[in-house]
Each structure stands twice: as C-alpha cells, then as structure tokens.
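Q: Requesting a structural model of the entry that follows:
(chains A and B)
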There are 2 protein chains.
Amino acid sequence: MPKTALRITREQNFADWYLEVIREANLAEHSGVRGCMVIKPWGYAIWERVQRALDDLIRATGHDNVYFPVFIPLELIEKEATHVEGFAKEMAVVTHHRLVKGEDGKLVPAAPLESPLVVRPTSETMIGESFARWIQSYRDLPMKLNQWANVVRWELRPRLFLRTTEFLWQEGHTAHATKEEALEETRQMLEVYREVVEGAMKIPVIPGTKTPGERFPGADETHSIEAMMQDGRALQAGTSHFLGQNFSKAANIQFQDKDGETRFVYTTSWGASTRLIGALIMTHSDDDGLRLPPRIAPRHLVIVPILRGGDQDGKVLAAAHALAQRLSAERWENEAVRATVDTRDINAADKRWEWIKKGVPLVAELGPRDLESGSVALTRRDRIAEKKEILPIETLVGSVGSLLSAFERTLLEQALAYRAQRTREDVADFAAFQEFFKSDDRTGFVIAPWSGDPASEAKIAALGVTIRCLPYRQSGRKAPCVLTGKPSVTDALFAKAY
Amino acid sequence: MPKTALRITREQNFADWYLEVIREANLAEHSGVRGCMVIKPWGYAIWERVQRALDDLIRATGHDNVYFPVFIPLELIEKEATHVEGFAKEMAVVTHHRLVKGEDGKLVPAAPLESPLVVRPTSETMIGESFARWIQSYRDLPMKLNQWANVVRWELRPRLFLRTTEFLWQEGHTAHATKEEALEETRQMLEVYREVVEGAMKIPVIPGTKTPGERFPGADETHSIEAMMQDGRALQAGTSHFLGQNFSKAANIQFQDKDGETRFVYTTSWGASTRLIGALIMTHSDDDGLRLPPRIAPRHLVIVPILRGGDQDGKVLAAAHALAQRLSAERWENEAVRATVDTRDINAADKRWEWIKKGVPLVAELGPRDLESGSVALTRRDRIAEKKEILPIETLVGSVGSLLSAFERTLLEQALAYRAQRTREDVADFAAFQEFFKSDDRTGFVIAPWSGDPASEAKIAALGVTIRCLPYRQSGRKAPCVLTGKPSVTDALFAKAY
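A: Here you go, the predicted structure:
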C-alpha cells in the first residue's frame, strides 16, 4: 500500500478518517461546550466562500437580507403545533437574565424571566409574526427575505460540521399571494442550492421531494438535494419547504387581494448550513487530506520558497513574491487567481505537505536551482502520487487557469464515478433490497419503484435505511414496489443517511 | 418654519425624531422579544456595507476570521474576576435543553443542564480557552483572530441600534509575545475603526484612552473613538482594549519564547457593532430623514420614472433602465455606481419622498417631457430645500461621481461644523463646568485639563457627565484641573453620553 499523508485511511475507518481530515487541514474542533464547535481560520475561509456563492444567487433571485432575534418567545413557537412538536426535544431554553454569587462564591442564575425564551432552532415563527404585521395588501407580496444566522438544536451525538448543537446557516423565508407562486419559489431555491453545491462545490446531487414522514415539521412539501458520501451514505445538502398556509394560519398572515378579498398567504422556507463543509470533506477528500474545488478554495496556489539560510534566500523570496504577483494578475472564472507565498519559518517539505492536506489545488516549490532554470516544481493536488512536474514559470503563469479547470473537472468526475459505482437501479424485490443493505457497512443508493405506502417506510427503518427523496427525474417504469410488491407510483431513492 | 418630510423635528424632540428617522427609512423595529430588534432590508443593507468596510481593513491588517460558540460555560466566564463582575448583571442564561408539555398543555422547560450556559456577551473567555491550547511557542505568535457574531447583554432600557439586548458586531482577539506589540495592535485597530467611521461613514471622531473607571471589565487600557451626535451627546463608536496579562493568566495562555523561557502572552480585544448605525443616523440625518454617506449607501442614485398610465410609459421605462445601465457603468471610489430604477406601482412623488427619507444621495425623476429634452429632474439629498435641478442626461452621467464626492464632503463638513459649534475648550473652572452642563438639555463637548483623580469623576456623575476619553491629541497646556483646581496631568473630553 502506498504511504499516505493521513494516519488513517478511508478504508481503515471512514469516521475516524473524516476527523483526521478535519484535524490535519485545521478546519475546526470541538469546544468545551458540548456539541458546539470552533470553526478555525481555514474552515471559516471555506465557509465564507460558500456563503458568497449562495448569497450572490439569493440576491440575484430577488431576496433581501435581514436579521431577526436569536430568542423566540415560547408562546410564539407554540402556535404551529406540528412545528413545535418537531423541535421541542432539542431546544435550548433561556430562563434567567442575570447571574449572582451564591453562598459558595459560585455564580448562579438570578432574575428569572416571566416567560422562558427559546434559542432559535429556525425562524419560521419569529418571522411569521413580522409578516403578519408587514403584509396588508397584495402590493406587499411577494415578500422575499433571507438571513445569515446561528441556530441551536441540542445534539446528543455531535459530529463536527454534520451534527452540531450550534451551527451557522442561511434561512430564507418568503410569503406569496398564490400557491403556484410559492411552489415555484420552493423549487427555484432548491435549484439555487443545486447550482452552488454541484456547480461551485462540485458535489453531485439528486434533487427530489421528501415523503410525508421525512418532511420539515409544519411543511406541506419538503424538497431536498441528496449527495452520496465516499462511504456510500447519503447526505442532505440543502432543503426547501413549501409551507402551504400552515404558518400563515398559525400566525394570521393575511392580505387583501386585488378584489378586496382577505386571504392567507402561502409561505416557503429554505436553508443550507455549515453541514455543507461536511459534505465537501466526505465527497472530495482522499487519504492525503482535503481537496478543495477551486471556486471554494481560499487559495488556488501556494508558493513554497526553498530557503537554505544562505545568501540565495533573498533572491528566492523575491522571485516567489514576483511569481505570486504575476499569478494574482491572472483571472479564472471571473475572479483573480488566489496565489500566495508561504514565508513561515518552517521547512519546505512540511509546508508542502501542510498545503496538500489543506486541499489547495496547486503547490509550487521554488528554490535556488529553479531560479537559474526559470522553473518551479509543481504539485497538483489531484496527482500527488506522481512525481512533481518541473515547469517553466512562463508555462505555469500561462496555464494556471486551465490547471484549475482540469482539477475542478477531475473532482466532479471522480465523485460522479463513485456515485455511479455504488448506485443500483436494478434491485427488484425486498429480498434483494435486504441483501443490499443488510449489514452496517453495506451502503449505497438504491433507486427503485415505490408504492407510496407510509407503512413500508417503517419496514426499512430497522435496516437503518430511509427514503432520501422521490427524485425529480423519474424513470417512468411500471415495475412493482421494491418493498411491498404492490403497484408502484414513483421511483424513490433509498439509502443510509447522515 | 419650512415643511419637513418627518413629522417630528430634531428641535421638537430629538429622541422621538431618532425613532421617526428609523421608522420612515424602514431600517429596523422592536420585536416581540424585549430589547431585541428586527433589522429590516434597508437597515441590514447599510450594516452589510459597514461590515465590508471593516472586514476589508481587518483582513488587510493580518487577521483571520473564525467562529466560536454562542454559549459560554459558567466556569469559564468566572475565571477573570473583574470581567465577570462587569457582565454578570446582564447575562442571559440557558438552563434547559428541552421543552415538554405541562399539565395545562403549555410547554415548560425540561432536561436541566448540569451546569448553566451563558449566551456570550463577548468572547474573551471562550477564545482565551482555545488560545491556551493553540499557543505553545513564540512561533505561534502573534495570533490574530476576528469573528462576526451576535452577542447578548440584557438591556432594561432598550433603544433601537443604540442599546439592544442582542446586537451584531465583530470582535477581534489577539495574542502577542510582548507588551509593546500588544499595545501597538490595540492602537492599530482603533485606527482601523477611525478610518472606517470617519473615512467611510463621515462621522468625525476623537480618539483617546479611557480612564480606569470607564475601562472594559478586565482591561489594562481601553481606547475609544468618540463622536458627537446632533444633540450634543457623545457616542462611543468603537473600542480597542489592551488586556495585559489578565486574561492570559486567568486562562493560562503561555508560550515558550526564543530562549526557552515560559511566559504569559499579552492579549487585546476590540469591537464595533450595529450601534454604528445609530451613530450614522444621529450624525447625518436631518428633518427630512436619513442621509447616507455614499460609501455606505446601498444605492447611490434611484431613478423614479413618471408614469401616466398612457402609451408613453413604455418609452419612459426603457429610458430609465437605459440611464441606470449607463450610470452603473460609471465608477466612484473604485466601485461601480449603484443606480437602480424604482418600478413599483405607486406614484412618483411618494417614491421620491421615500428615497429622500431613506437617505439615498441622488434621486432622478424621468418623465415623458424629460424624454423629449433628454434631461432629468435631479434631487440632491443635501439640497432638498432647493428646486429640483433640470439636468441633461449626459451631464448627469458625466458628473455622478463628483456629485457623490460633493455630497460626501458636505456630510463631513456639516458634522465637523456642529461639533465645533458645541465644543468648548475654554471652560476654566468647576463653576463654569456646572453652568455648561447644568440641565439635561445642556450638552456638548468640554475639552479641559484634568488632574487624573478618580474621585473627581464621581463628582460629575451627578450632572450626568463622564470623561469620554483622554484624547490622543493633547494641548499641552498647564492650566489647573477644571474639576478640582489641582494641577492637571492631561486634557480630558467631558460629555453626556449615549
């Protein structure tokens, strides 16, 4: 087996490998607060690039950013019965607004609140209350808002980026005059997620609708994009909810239409979170660490100067900075190439491996001998196993864009390939289904006909399998339901999920 | 008295006028949660521009963005005694992580936490705990982090943007090997605040150091920039703290220096918040509403098409969009001019006044007659009282940059003028001092010699006056202390404050 940069490989232990990628790329770590993570500079820089990509499209589709309070009064969150039921088990509750010293000198909560406040797990109820005040007439519609915020859902089995008590996300909330328009919005925003996740992050996804049992609490429809991780498990990478009139009736959000009739609005909500970083890691990383799709990479190329402590060092550093400047003047995908010099006082080989593990697409080493020949030693993150390429500086500058494009293509192709390899569309009956999923390490996607019977979903729960979505793209085949043998009404995507 | 767009003028009631500006510009409102505000699209768009200006400089000075948990364990926040004392009275406390239905069907908190969590009022203690783990050697220093986050300080007398229980801010936290370097960082970041507040927001400020009684809880030095609002009161617009070794000793943040000695680091922290929007409003707005400095304005110029419902409307709209496009191709201060067409279905005069009250620098009306003459009717936000200017479209396109520059200059000049008018440097003794500040509506800045005696600060508290800062710029005069007649050691800035 070839030597790898990580101490744990995917094959050895996928869960531990995941944590090793995060540790070695210095992305995040658990804090002293159970379930809450610290997002470190490299992890946060990646998140900021994901944010930018999402925010650009959220604006381009006509939404305004806003900010609503982190605290929600109990009486507000109680209004939509299904909603509160879905979240009650995981809500952090503020009960006091002061601390005083107790008899033992330790601080204890004082000044109890008249009514407790919930730390927002999501903001439908909070924003609905404002919609009810702000929306009077059809002229006020559609109202299309988005907020970037932290939310809290108490997590008993936390996992960095995937399940954390506190996480960062954007949540969109919109109100519309008609059902059709709200449904159109729901689908449009799922498409925005698909564009960012597949387009910028190069994570292939399957868009579809959730079954009633898997819907967001209080939604009439939930749409999601589902990605396959390298262990064959599914990860939900973004959801968009058509809330019908459930929240508008609970919060009394009414408007006067053109005919003077008073009607309830239709609302939607949609969210994507720091969980996307988890998806990114488990889609693209290898046994040498993280691999970052260039549109999301905080740096495209890092130059590692090889310094010997001699009088050549000044020249090498000057050449490295000159090269960084030339590369930064190049453009790729409408942005400047992000090139920097790593000037830290540690040895060059360690630097090179650090940037490899951090997932930077290209690392260029530049030493005294390269100076003479006008070349660099290039490491391409998708070709670690190969020898470094000795490249004239001119060639590097001229081809940096196409190198990034090639790397981006490779990431998507590899992700598509392992998904294809672990997806079965020919599983015909429940015996074969059980065979496919029977032990914990048997994972992958099964796309197969389904009867639509909710009872059959309970049947597969014992296998740890759920219906991830009913894909938009349907085969149209008339085969019997894979779970029950009854007539089928739709194709469903079955998998074990994060 | 001339008619104004607002129903309340500054002279009538400054506090009510402030709220009226916010209401009419649609910036924010109180939520159902006591002390928490909802920041609406226009208010949030302004905040995003302030954020961008700050973030650019925070990065340019070598800081990395990160994210730390919103919850802080009690045992952590207790570690620095002065710090916790300063914040204990205003901390929101999470005590439970679940809700269940009580006997009356109402939700009640369940699953009490073993140890309560505080919703962060600021993150020195939380980040200090990580510094202690991350910093081992002098090679790890300086460590320079920043986070954009929401914080909570329970507020009994809330006021939109100025004092809210929850607010948005950035908080910088750095660790250094030497005292000198930490002091240099403290001053550098105050200068960053000055650059954004004075440079981009056009709010003139006086930088200086706080007296011991006015310092951040746990700081050895607090530096601040102080602005004068139009009612003559001071507003602290940004603070930067030299924390010495207080937090490093409390959290045990040690490093090995080059000689192998183990030492405690020196830390700093610095923050600026949504309070800046309050400062913006009270510095630049007039009795017609908000006035936005162009670098912070979400839009520079709004085109209001005058539509009569006839067959000319199509042409007018087309011309309006063509003009917006031409203006958007112009650049001002290294950015594209932000020009849009207001196509909403309401009448043109209402639109014009709405944009005036929202503070947009330029409003251009374009009707069928203007189409023939190739001109627009321009309203300059700094010259509302004058007649609209009829301007050839070519002239507008050619001069939009200089119009914005002129507007920006006017805002700063007017702010400097009212500050100069209400600042006295010749108040010589306590009798004159009392005379200056004696009633609640007697406000303004007094810059005068001070003895440095803390007891004398208590003496002026009864007047509602505090020492805002000891200005960096000192007169050097040897006159006796204005409060005590004793020998003075410094000039101090005295004022009533927000």
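Q: who touches the closest residue to chain B within the stretch 251-400 of chain A in this structure?
A: Of the stretch 251-400 of chain A, the residue with the smallest distance to chain B, taken as C-beta to the nearest C-beta, is residue A:345 at 6.8 Å. Where you see a C-beta, it was placed from the backbone N, CA and C, and this is true even at glycine. Residues touching residue A:345, when contacts are defined by C-beta atoms under 8 Å, 6 or more residues apart in numbering or on different chains, comprise residue B:139.
Q: now it, what's its secondary structure?
A: State at residue A:345, reduced to three classes by DSSP: H, G, I helix; E, B strand; the rest coil: coil.
Q: Need the pLDDT of it.
A: Residue A:345 carries a pLDDT score of 85 in this model.
Q: That one and residue A:363, how far apart?
A: Taking C-beta to C-beta, to the nearest Å as the criterion, residue A:345 is separated from residue A:363 by 18 Å.
Q: do the same with residue A:203
A: 23 Å.
Q: swap in residue A:68?
A: Applying C-beta to C-beta to residue A:68 and residue A:363 gives a distance of 43 Å.
Q: cool, residue A:453 as well?
A: Between residue A:453 and residue A:363 the computed distance is 54 Å (C-beta to C-beta).
Q: which residues touch the single nearest residue of the stretch 151-300 of chain A relative to chain B?
A: Residue nearest to chain B within the stretch 151-300 of chain A: residue A:154 (4.1 Å; C-beta to the nearest C-beta). Contacts here follow C-beta under 8 Å, 6+ apart; on that basis residue A:154 touches A:35, A:89-92, A:165, B:97-98.
Q: In the helix or strand where residue A:271 lies, which residues are buried?
A: Using DSSP states H and E, residue A:271 maps to strand A:266-273. Judged by neighbour count (16 or more other C-beta atoms under 10 Å in any protein chain shown), strand A:266-273 contains these buried residues: A:266-273.
Q: Is it possible to get a markdown table of those residues that adds distance to chain B and pLDDT?
A: As requested, these are exported to a markdown table (distance: C-beta to the nearest C-beta, whole Å; pLDDT from 0 to 100):
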| residue | distance to chain B | pLDDT |
| --- | --- | --- |
| A:266 | 21 | 98 |
| A:267 | 17 | 98 |
| A:268 | 18 | 98 |
| A:269 | 17 | 98 |
| A:270 | 18 | 98 |
| A:271 | 17 | 98 |
| A:272 | 16 | 98 |
| A:273 | 12 | 98 |
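Q: could you show me where the helices are in chain A, in order?
A: A:14-25, A:41-60, A:74-77, A:81-87, A:124-134, A:179-194, A:246-251, A:275-284, A:313-328, A:348-358, A:368-373, A:393-421, A:430-437, A:454-461 (DSSP state H).
Q: Please identify the residue most distant from the middle of chain A.
A: Among residues of chain A, the one most distant from the C-alpha centroid is residue A:311; the distance is 47.6 Å, by C-alpha atoms, centre = their mean.
Q: buried stuff in stretch A:452-470?
A: Going by neighbour count (16+ other C-beta under 10 Å), the buried part of stretch A:452-470 is A:452, A:456-457, A:460, A:463, A:465-470.
Q: Likewise for stretch A:338-345?
A: Going through stretch A:338-345 with 16+ other C-beta under 10 Å, the ones that come out buried are A:338-342.
Q: Please consider this matter closed, and thank you.
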